[in-house]
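J.: sequence plus predicted model, see below.
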Amino acid sequence: MTVAMPAPDQTVLARRDRIVAALRAIVPGEGVIAAEREMRPYESDGLTAYHQLPMVVVLPETTEQVSRILAFCHAERIKVVPRGAGTSLSGGALPLADGVLLGMAKFKRIREIDFANRVAVVEPGVTNLAVTQAVEQAGFYYAPDPSSQIACTIGGNVAENSGGVHCLKYGMTTNNLLGCELVLMTGEVIRIGGKHLDAGGYDLLGVVTGSEGLLGVVTEITVRILKKPECARAVLVGFASSEAAGECVSKIIGAGIIPAGMEMMDRPAIHAVEEFVHAGYPLEVEALLIVEVDGPQAEADHLVARVEAIAKTCRAVTCRVSGSEEERLLFWAGRKAAFPAVGRISPDYYCMDGTIPRARLPQVLNRMRELSQAYGLRVANVFHAGDGNLHPLILYDANKPGELERTEAFGAEILKLCVEVGGVLTGEHGVGVEKRDLMPAMFTEADLAQQQRLKCAFDGHGLLNPGKVFPTLHRCAELGRLHVHAGKVAFPDIPRF
Amino acid sequence: MADTLQPGDAKDVEAAVQWMLAEGKAAEIVGHGSKRAIGRPAQTDVTLDLSALSGVMLYEPEELVLSAKAATPLAEIEALVASRGQQLAFEPMDYATILGGAAGRGTIGGALAANLSGPRRIKAGAARDHFLGFAAVSGRGETFKSGGRVVKNVTGYDLCKLIAGSWGTLAAMTEVTIKVLPAAETEETFLIRGLEPAQAIEAMTIAMGSACDVSGAAHLPAQLATSIPAVAGAGGSVTALRLEGFSPSVAHRRRLLEVLMKSLGEGATIDASASRALWRAVRDVTPFAASGGGVERPLWRISTAPDRGAELGAMIARQLGAQVLYDWAGGLLWLALDGFDDAGATPIGAAVAVAGGHATLIRAPASMRAATDVFAPQEAGLAALTKRVKESFDPRGAFNPGRMWAGV
């Protein structure tokens, strides 16, 4: 572990027994876990390179318990780390040694399904896929589909503003939420929005979404559900170069087509996947594109024909259209197994997540190849091609001394490269602890200070998930100080009338 | 008459705000001033006129992004993206129709600050869903930015969401980036005549819950329908369902709709150009236009759960004699009243409290807006959080003070 977390507060650790007892008074029975062995499963999230045992784990079941836990921790100045299913790939749920780990897994109820208003009201511990499963009998589904959707929770999706392969057309989590119940660090419970499309006032739900558990704890979420498209069809296109594949993506979008999904893999990823899944991917190509279109049969057929025609003009080497639902799923089986497939050819891999303007893809891939040689580490790329979200997978062996550190340095260079070409540090995995120290590559001190001032409006003592997202912690009083030179600022030399 | 400051670039905006802070002055922020009449009337010392910050800085159709200075006219952006077969999918309305003044005067910054959206809100989202990044000057006189120039980004807090719909109370935007999307190849609108609001909402609910992918669902009671040429012909109320997309798909979905709606009433389809005219009228709420004395009529905009729309509309219509236009499949109500000292705020507030949602007094004389809650009052905890958020951007209340609520 090479990332520094805030130093544990010894005065809090010294009170541990009393804190555990107080939490037990709020959440009776097995809802408080204090034994080291039983806390082990919570020491990491999906970013397993980092681990830390929390001071204590608490698993509340009601909003009132969450409110009382937070109010207690607020009064006692104890840090709190919220956690859903712990699938974060950026260390967003990494515990703190002197912090309470607030597990929301017991909030598992679907409170209401309202087909007339096309919404579901769910608790945060409900898994992403369970929302779809609850409404699919009526032909509905919940659109955001992060690849961890079997395990990841809606609460975690809200915290991370999760995406998925279909977000180009259907949006990220933030575009599919209407309301929430939010508990602030003080224990105050507020409700934002509801079943109506526009919440009044400031869009607080919009800023809580993707705030990585730093602003509040959601205890209920109202999500939009959509009618399932009649059908989906996929086209699998191989290219001799990533340039040609990139050009094809641009032309598809330029033709006014927003596919339901558009995924690219590079040669190392294609080979790893094909060996693992036998999806029938062509092995002689440099880049492979899966383009999925959905809608009524008439629309899907029309678009498949157009995508095929565009692919031909882009020097496609191979082009296959799914002839059946089985074949479409087989096309996807490869892409969906990309991470475990890469896991098979290397003891460990490190999944990065940056977004770039798509036109810069060839440049970024070339530079990545050079870096790969310089660091002596292999890299495979999967790419949400439609929205420019790149997932380089760096292959390494954690048992080789220094290799993890080299991997992290390589990863950091890739993300800085993304920012350099006009992109961003993270497209969907979040900043967490992983990219925290890279934030200055994208933001100025003033940018970060303004974000942290907003944090102060929600959590004035910085107790909720500190050490994530922001490279430097500041006190709210210090951030709020305003330097005004009364009467000493000359009137600016700008037109006035 | 308040002084007007007209900065020429982002650096000037920062200097102007620093000067305001030093002098203890508060400003009304305006672009073209097309939505100035919305909100509580406030006395400010100066007007911060950003209209010189104009011009598209970057447009990459294939990346689906466009960056522009904040006061770039919306009309200029819409024309530019249309030239490449694209559009602003959130279908921003033009408030000139109901507020008065020349049409097409709004800016992109204003559209975002007001979180504008149109009938396509039900499918494509509001301005906030297409707002990717910005640079702005805070009420502390500091330039800061958020978001980026790519369509998928979760780096740091999504401050775009907060700025969208903040009505200029948090920051003075200088530059924005938005997502642009392909415009539909064609469109058609399926009309059902003669439905009562409750039946209409039932029909719209069925359509929205089908695979027809409806991108506009509105109900115009008879009196309102007659004022819209595209549908005035046959008389009676009109329930309209818009289908957009590639022609084979639109044709297919129209047939599907015909089957679904068969039992509800007689259906008819209008073609692309009539459809466009209809939805522009719905978007801009032309039945309640400011012209011909309409500007005197208080106008409310209510966002509610779609299946509560008919009941809510009927209750207010009965109590106050309001005329109601239903959009968003029943989730958006435009209500025009005649008379009433407080614009009917009390009964409307009470009815909305029961149905859920919130009401905004979009149009009323200044005296009425001064005496009434223009933006729905918030529950205490939410109001306190709102105030803290305001202070985190604008601690001295330098920007549009009191426009949304007293103290914000």
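T.: Looks like it arrived, so ask away.

J.: once you drop chain neighbours, what's closest to B:L299?
T.: B:R363 (3.9 Å; CB to CB, 6 or more residues apart in numbering or on different chains). Bear in mind the C-beta positions are built from the backbone N, C-alpha and C, glycine included.

J.: B:A364 too?
T.: B:A364 sits nearest to B:P298 (CB to CB, 6+ apart), 4.4 Å away.

J.: what's the spacing between the one you found and chain A?
T.: 18 Å (CB to the nearest CB, to the nearest Å).

J.: go ahead and confirm A:R328 touches A:E292.
T.: Yes - the pair A:R328 / A:E292 is scored as a contact, 7.5 Å apart, by CB atoms under 8 Å.

J.: need the overlap of contacts for the two.
T.: Counting by CB atoms under 8 Å, 6 or more residues apart in numbering or on different chains, the residues touching both A:R328 and A:E292 are A:A232, A:R233, A:A234.

J.: returning to that earlier point: roughly how far does the residue nearest to B:L299 sit from chain A?
T.: The value you get for B:R363 to chain A, if CB to the nearest CB is used, is 17 Å.

J.: number of nearby residues for that residue?
T.: For B:R363, the neighbour count with other CB atoms under 10 Å in any protein chain shown is 26.

J.: kindly report the same for B:K387.
T.: 16.

J.: what about it, which helix or strand?
T.: Assigned by DSSP states H and E, B:K387 falls within helix B:380-393.

J.: how much space between whichever residue of chain A sits closest to chain B and B:Y157?
T.: Closest approach between chain A and chain B, counting by CB to the nearest CB: A:G206, at 2.6 Å. As judged by CB to CB, to the nearest Å, A:G206 and B:Y157 stand 10 Å apart.

J.: those two - which one has more neighbours?
T.: Set A:G206 next to B:Y157 and count neighbours by other CB under 10 Å: A:G206 wins out with 29 against 25.

J.: skipping adjacent residues, who's closest to that one in space?
T.: Per CB to CB, 6+ apart, closest to A:G206 is B:K161, 2.6 Å.

J.: wait, a helix at the one you found?
T.: Yes - counting by DSSP: H, G, I helix; E, B strand; the rest coil, B:K161 falls inside a helix.

J.: residue boundaries of the strands in the stretch 251-400 of chain A?
T.: A:261-266, A:287-295, A:316-321, A:348-351, A:354-355, A:379-384, A:389-396 (DSSP state E, counting those that start in this stretch).

J.: among those strands, which is the most enclosed?
T.: Of all these, strand A:354-355 has the most neighbours on average by mean count of other CB atoms under 10 Å in any protein chain shown, namely a mean of 28.

J.: contact partners for the closest residue to A:D447 other than its chain neighbours?
T.: Sequence neighbours aside, B:F144 is the residue nearest to A:D447 in space, at 4.8 Å (criterion: CB to CB, 6+ apart). Neighbouring residues of B:F144 by CB under 8 Å, 6+ apart: A:T444, A:A446, A:D447, A:A449, A:Q450, B:A135, B:A136, B:V137, B:S138, B:A171.

J.: what does B:L312 give?
T.: B:I302, B:T304, B:L333, B:A351, B:V352, B:A355, B:G357.

J.: please apply the same query to B:G293.
T.: Counted by CB under 8 Å, 6+ apart, B:G293 has zero contacts.

J.: please apply the same query to B:T286.
T.: B:T97, B:S227, B:I228.

J.: low-scoring stretches of the chain, by residue?
T.: No chain in the question, so chain A it is. Scanning chain A for pLDDT under 70 picks out A:1-2, A:486-488.

J.: try again with chain B
T.: B:1-2.

J.: what residue in it comes nearest to chain A?
T.: B:K161 (2.6 Å).

J.: picking that back up, now do the SS call for the residue of chain A closest to chain B.
T.: helix.

J.: residues contacting it?
T.: A:G206 touches A:T174, B:R128, B:D158, B:C160, B:K161, B:L162, B:A164, counting by CB under 8 Å, 6+ apart.

J.: at the contact with chain A, which residues of the stretch 301-408 of chain B appear?
T.: B:303-307, B:328, B:331-332, B:356-358, B:360, B:375-376, B:378-379, B:381-382, B:385-386, B:388-393, B:395-396, B:404 (CB under 8 Å from any CB of the partner chain).

J.: quick check, B:A172 in a helix?
T.: No - according to three-state DSSP, B:A172 belongs to no helix; its state is strand.

J.: identify the residues contacting stretch A:273-287?
T.: Looking at what lies outside stretch A:273-287 - CB under 8 Å, 6+ apart - the contacts are A:236, A:238-242, A:244-245, A:264-267, A:270-271, A:288, A:317-318, A:320, A:330-331, A:333-335, A:337-338, A:340-341, A:344-345.
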